[in-house]
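Novice: sequence plus predicted model, see below.
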Amino acid sequence: MNTSFDIMALTLALPLLGAFSVGAFGKSWGKRVSAFVASSAVALSFLVTLFSIFRVHLNQVASTRSVDLWHWASFKVFDQVTDVSFGLYIDALSLTLMSVVTGVGFLIHWFSAEYMEHDPEYTRFFCLLNIFIAAMTLLVLANNLAVLIVGWGGVGFASFSLIGFWREKPSAAEASKKAFVMNVVGDVGLMLSVFVLVIKVGVLDYKTLLSDSQIQVLQSDPSTFVWLGLVLGGLLVGAYAKSAQLPLHTWLPDAMEGPTPVSALIHAATMVTAGVYLLVRMHPLFELMPGMMNFIAIMGAVTALFAACCAMVQNDLKRVLAYSTMSQLGYMFLAVGVGAYGAAVFHLITHAFFKALLFLTAGIVIHTAHGEQDMRRLGGLSKDIPYTCFMFGVGGAALAGIPLTSGYFSKEAILHAAHESPTSGGLLFLVGAGVAIMTAFYTFRAFFMTFFGPQRIEHPHLPGGPTVLSCTVLTVLAVVAGFFDQRLSNCFGPETAGSGFEIHPEVLSASAMGVTAMVLVAVFAAYALYGRGQHDKLGQNSTLLNFCRNGLGFDQAYGMLSGGFVLLARLARNGLEKLLSGSFPELLGGSFVTMGTLLKETQTGQTRHYMVCMVVSVVVLLVYCLLLSGGSNYAA
Amino acid sequence: MLLNLVLAVPIFSGLAAYLMRQSGAKSFAALIASVQTLLAIYLGFTGYPQGVSYSVEWLPQFGLYWSLGLDGANFLLVLLTPVITWLAILATPDDTPKLASYVASLLLLDGFLSGLFLSQNLGLFYIFFEAMLLPALVLIAGWSKVDAGKTALKFLIYTMVGSLPMLLAVLVLFFTGVGGESLEFSQMTLDPDKQIFLFYPFLLAFLVKMPIFPLHGWLPTLYKNAPPTVTAVIAALMSKAGTYGLFKVGLVVFPDAFSEVSSSLAVLAVASIIYGALTALGSDSVREVLAYSSLSHIAMIAFGMASLTINGNAGASLQMAAHAVATGGLFLVVAVMDRRHLPDQLRRFGGLSKHCPRLAVLALFLTLASLGQPGLGSFPAELFILTGTWGRFSVLTVVAASAIVLAAAYLLRWYQKLFTGPEGTYRKPDDLDSLESFLLSVPIALSLVMGFFPSWFMVPVRLWLEGKL
Amino acid sequence: MANSPEFFLVLSALIFCLGLIGLIIRRNPLVMFMSIELMLNAANLAFMTFSRFPPANRVSLGSPSDGPAFTFVVMTIAAAEAVVGLAIIITIFRNRHSVDVDALTSLKG
């Protein structure tokens, strides 16, 4: 295997270097320098990514290339050797995602530099953010499934550490553990796909595995379909766990225990979209099994609907956004399932911008309100922080899909694809449209409850320059990103036609107009219900509403499952284990001791007793030898 | 010739260290262990990847040759033995009573373990297998804080029950001549149908030494009572005597018998994996959780070997090293906590990260190394093991893979009970000093290297495995 | 009668049994010692008998002088044993002011 170097390797090395130096010297450098180092590592990564994109555009390098940095390991099954290199796969998809990861990543670093200023663990925060960027880079750029898992696990670790960033909070620790364990389930799913691929195909790197010739070989072999389901199932488990799709979603709402920039970066803009990336990346394999594609589409729609229902009744500002993230991810899975990969990636990008914006402005709101996140106790903030209110409004508009914002274009592209898709006759489209309307309603419910109505916060803490500035950049992006659909389409190459990578936001079709009209109605409905600080009927405590608010019982189900394991564990530890390492060896040892105690009584200490024993034994032995066992040998 | 030094240096210096004054002994022992490390590294690099060997006649009338060899099977363990011993010696608190004898015994243990891993003669292998019990028992009986005698006795009886039949089997092998002219690993050839009865005693000895469910009765008692630096060496290296024995003796001397029992071994291993995970989840003791996690992870090694595939065995070999590093590191964490007189019950803990932020970070990485975090050593090992087993035992593989999720659950539970949440009831400790931070960083660095460059560690063992499976 | 080995062997057995019974029933260590001497001498008698009347129909395992040689060894050993034994008895008497064998039960389990 020939190893080589590509400039994109720097995007991996820079944040790692940043993480290491901030981790090792951050305490002595102080806050300003640490934040500067960490942010500039990500900024430089972003510049390197841009440079690579320009080089592709100037035709200096191939648009799709696989670079092996070093040899990672080799599998061997009989005579079939699978070489796995630690390498990068650089194509339009990974470069696009890389620019989002490093771009949004940089903005959030910049935002955090001020936002986290009063935290005593400032340097640890930036070290972890840089670790996250490095791991996410590896996830996106890896050129094979095994190395992808390394990045996959790495972002899981960063997510775990950042959700549980405030270590003294038991709820944060619990949430981080939940996220990590759920993500390990996903890792195991991916590992399962790796086992099967290694044994059945012997190829893990994308270039060979996803090449047309390999796919044709697989398609022509009927035995493929015996095991392909396992591979795809494993990939799906991984994707569902990482992207918080039903039924592996319960960790995402709890993940909001982490600092808000973390929610923006990891649990909205980048990490949770890794599942979408994985499915888009592996789409040639998924297309071999149309049933699997339909399953993805349907589950995507169900998740979108489910999360929208939960989001409607939340009272916590961040949890509304968390459920909306889940719902939007459902859209992306829906798009992947109907074969509209371009639309999925497009929505992934616009979502990264507007959802990061929403979380960051929500962070400003929380700071302004001295840590209050409950929307029922917020209100009237538009008078204190009008500019933030404007930015949140823009983000909300994009999330709701109001015309001319980026979200509008990407969502229309997905709805269009769902409309065109033969799967389950227009039902997918109907669900998608319904969810769009619900999204508009709950987003603006949150907006009006937070910013309108009577002022409830005394002595608001106003945001500083960098936080507002970074949000402004995101605001601009959240608006204009929608106009880049054709550029993105072109970016995936001239051959996108018919490949699923073309993007059709048919904004003038009748169905699109209808959905848009309904969305606008939903926004007005939200204004009418919440615009003047009215009593909130959806925030009440009734059995049904609480059931929805707590995620429709999934948490309880998982709680019972883990409770069952804990019970089993206690039984094993206090039952069987007490027996195996306690009673059993002790009983065995004890029985020997008892035997000894009994036998000890024969030792009377009286010489004559020993003597008699000896004489009797000798006599018995003699008799035995002479009479019973052929005594004739001894006779004269 | 240098091979002899790898074990002669620690054994003779260990004997000398018994006579030394208390003050200088620790630095002397650390120096010796580092010299041995350098020797092992030098040998490892000069012999990479085929290995080196050395053999002279010793007692040929008993089939005994003084045969040592560095090969693919023992490559990683020979390199790691002095490193882990070195860490354990440095982590030993200075106020340990009779410090000189303590470190001297650690050196002896190190020397005998190196001899065990290096020996290429079954008789020699047996001698070292038994000899290493001596320093281990001295350490356990002499320095355990609770139930010293009982702990040592339990360990002794368990291992003896395992290894006496093994002695018989060695004697039968030589005196009946079924094993061939000598007891050299490279020259032994056995009839396939005679292997099985002679293999069972070996299997028993190795399974007890690892240990594996349900033969693990000595493990929780020992890991809980023995001084943590001793436990680090025992958990990291001595347990590998069992897995390594299975690897070497099983594959070289009894290949047919090994493949005959492999299915039952796989079932036992998976039972052990799950059982260890469950008991670890249900335990309330800092050390016990680590003990049971060790039970679970070591069974993973046995599972990989039972697959009888190159992937499974290469992964098992890497897992031996990765587990040694991770578990050794975790028991060093226990050692530094012990030095601060922290309690053993998890429920008394909480919020330790506030007092010991450095310890919190390093312990987190070691926890991750143990639970198979991608990017650290156990991940490629487990990936290879499970790839190997998938071909033969798909259902068992899925069960074993689900234990990875359990491992994440119980190890994070352990970590979070110690370091996060509200403050527990213990005397507030100081953070790590720079030596301790360094000690805990070494295993993390090793684990990272194994995680990102596993190929380098697996080439020798793959060469060695060629033609054996 | 004196020419047949049976006479000497029966005599030897009788002496041996006498010694044995004495050893078992007496409590005085000195008498017990004498009984042991009786038994040893019974054995010596048997040795001499077999040396004088070697078995005719069997290949002899040794030369005829083996018997007297063993007898001398036994006598020497017996002498040495008496010395050591008497020393032990004297020590016991010094410590406990009694030499009753039944009272010496410190090896009781």
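Specialist: Here it is on my side, so go on.
Novice: how many other residues sit next to whichever residue of chain B sits closest to chain C?
Specialist: Ranked by CB to the nearest CB, the top residue of chain B for proximity to chain C is residue B:153, at 21.4 Å. Backbone N, C-alpha and C define where each C-beta goes, glycine included. A total of 16 residues lie near residue B:153 under the criterion other CB atoms under 10 Å in any protein chain shown.
Novice: need the contact list for it.
Specialist: Residue B:153 sits next to no residue when contact means CB atoms under 8 Å, 6 or more residues apart in numbering or on different chains.
Novice: that one and residue B:294, how far apart?
Specialist: Separation of residue B:153 from residue B:294 (CB to CB, to the nearest Å) stands at 21 Å.
Novice: can you check residue A:120 too?
Specialist: In this structure, residue A:120 and residue B:294 are 36 Å apart, going by CB to CB.
Novice: ditto for residue B:274
Specialist: Taking CB to CB, one finds residue B:274 at 15 Å from residue B:294.
Novice: now residue A:344
Specialist: 44 Å.
Novice: neighbour count winner among these two?
Specialist: Set residue A:344 next to residue B:294 and count neighbours by other CB under 10 Å: residue A:344 wins out with 33 against 28.
Novice: report the secondary structure element holding that one.
Specialist: helix A:341-368 (DSSP states H and E).
Novice: same thing with residue B:54?
Specialist: Residue B:54 belongs to strand B:52-59, assigned by DSSP H and E.
Novice: which element follows that strand toward the C-terminus?
Specialist: Remark: after strand B:52-59, the chain's next helix or strand is strand B:64-70, criterion DSSP H and E.
Novice: pLDDT (mean, whole number) over the next helix or strand after that following strand?
Specialist: Using DSSP H and E, the next helix or strand after strand B:64-70 towards the C-terminus is helix B:75-91. Averaging pLDDT along helix B:75-91 gives 92.
Novice: so which elements touch helix B:75-91?
Specialist: Contact here means 3 or more CB pairs under 8 Å, 6 or more residues apart in numbering or on different chains; DSSP states H and E; on that basis helix B:75-91 packs against helix B:2-17, helix B:22-46, helix B:99-118, helix B:228-233, helix B:310-339, helix B:434-452, helix B:454-465.
Novice: can I get these in CSV with distance to chain C?
Specialist: Converted to CSV, the helices and strands packed on helix B:75-91 look like this (distance: least, CB to the nearest CB, whole Å):
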stretch, distance to chain C
helix B:2-17, 39
helix B:22-46, 42
helix B:99-118, 35
helix B:228-233, 37
helix B:310-339, 42
helix B:434-452, 52
helix B:454-465, 56
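Novice: could you point out which of those sits nearest residue C:55?
Specialist: Closest approach to residue C:55 among the helices and strands packed on helix B:75-91 (CB to CB): helix B:99-118, 58.1 Å.
Novice: by how many degrees do the helix or strand just after that closest one and helix B:2-17 diverge?
Specialist: Once helix B:99-118 ends, the next helix or strand along the chain (criterion: DSSP H and E) is helix B:122-131. Interaxial angle of helix B:122-131 relative to helix B:2-17 (axes from the mean of the first three to the mean of the last three CA atoms, to 10 degrees): 30 degrees.
Novice: other residues contacting helix B:122-131?
Specialist: For helix B:122-131, contacts defined as CB under 8 Å, 6+ apart pick out B:58, B:62-67, B:112-113, B:115-116, B:119, B:163, B:166-167, B:170, B:173-174, B:179, B:183-185, B:188, B:205, B:241, B:245, B:248-249, B:253.
Novice: got a quick ChimeraX command for the buried subset of those residues?
Specialist: Here is the ChimeraX command that selects only those of the contacts of helix B:122-131 that count as buried (16 or more other CB atoms under 10 Å in any protein chain shown):
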select /B:63,64,65,67,112,113,115,116,119,163,166,170,173,174,179,183,184,185,188,205,241,245,248,249,253
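Novice: can you narrow the contacts of helix B:122-131 down to the ones near chain A?
Specialist: For chain A, no contacts are drawn from the contacts of helix B:122-131 by CB under 8 Å from any CB of the partner chain.
Novice: now do residue A:338, the pLDDT please.
Specialist: As predicted, residue A:338 sits at a pLDDT of 86.
Novice: what sits against it?
Specialist: Taking CB under 8 Å, 6+ apart, one finds A:293, A:297, A:417, A:418, A:420, A:421, A:423, A:428 in contact with residue A:338.
Novice: for residue C:43, grab the count of nearby residues.
Specialist: 17.
Novice: you'd agree it is in a helix?
Specialist: Yes. Membership of residue C:43 in a helix is supported by DSSP: H, G, I helix; E, B strand; the rest coil.
Novice: go ahead and confirm it touches residue C:12.
Specialist: Yes. Counting by CB atoms under 8 Å, residue C:43 touches residue C:12, with 7.4 Å between them.
Novice: and the next helix or strand past the helix or strand hosting residue A:396?
Specialist: Assigned by DSSP H and E, residue A:396 belongs to helix A:386-400. Toward the C-terminus, helix A:386-400 is succeeded by helix A:406-420 as the next helix or strand (DSSP H and E).
Novice: after that following helix comes which helix or strand?
Specialist: Using DSSP H and E, the helix or strand that directly follows helix A:406-420 along the chain is helix A:427-451.
Novice: where does chain C have low pLDDT?
Specialist: Within chain C, the ranges that satisfy pLDDT under 70 run C:1-2, C:56-62, C:109.
Novice: longest helix of it?
Specialist: Ranked by residue count under DSSP state H, the longest helix found in chain C is helix C:66-96.
Novice: quick revisit: greatest separation within the contacts of residue A:338: which pair is it?
Specialist: Of all pairs in the contacts of residue A:338, the most separated under CB to CB is A:293 and A:420 at 14.1 Å.
Novice: which of these two has more neighbours?
Specialist: Taking other CB under 10 Å, residue A:293 and residue A:420 do not tie; residue A:293 has more neighbours (21 against 13).
Novice: check contacts around that one.
Specialist: Applying CB under 8 Å, 6+ apart, the residues near residue A:293 are A:286, A:287, A:336, A:337, A:338, A:339, A:423.
Novice: at 6 Å what do you get?
Specialist: Residue A:293 makes contacts with A:286, A:337, as judged by CB atoms under 6 Å, 6 or more residues apart in numbering or on different chains.
Novice: which helix or strand contains it?
Specialist: Counting by DSSP H and E, residue A:293 is found in helix A:290-312.
Novice: immediately after that helix, which helix or strand?
Specialist: helix A:317-337.
Novice: return that next one as CSV; C-alpha atoms alone will do.
Specialist: The C-alpha trace of helix A:317-337 is given here as CSV (Å, rounded to 0.1, in the frame of the first residue of the first chain):
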residue,chain,number,x,y,z
LEU,A,317,-36.5,26.6,25.3
LYS,A,318,-33.6,24.3,24.6
ARG,A,319,-35.7,21.2,24.6
VAL,A,320,-38.0,22.7,21.9
LEU,A,321,-34.9,23.2,19.8
ALA,A,322,-33.6,19.7,20.6
TYR,A,323,-36.9,18.1,19.5
SER,A,324,-36.9,20.3,16.4
THR,A,325,-33.4,19.1,15.6
MET,A,326,-34.7,15.5,15.8
SER,A,327,-37.6,16.4,13.6
GLN,A,328,-35.4,18.1,10.9
LEU,A,329,-33.0,15.1,11.0
GLY,A,330,-36.1,13.0,10.3
TYR,A,331,-36.6,15.1,7.2
MET,A,332,-33.1,14.4,6.1
PHE,A,333,-33.5,10.7,6.6
LEU,A,334,-36.8,10.9,4.7
ALA,A,335,-34.9,12.6,1.8
VAL,A,336,-32.2,9.9,1.9
GLY,A,337,-34.9,7.2,1.9
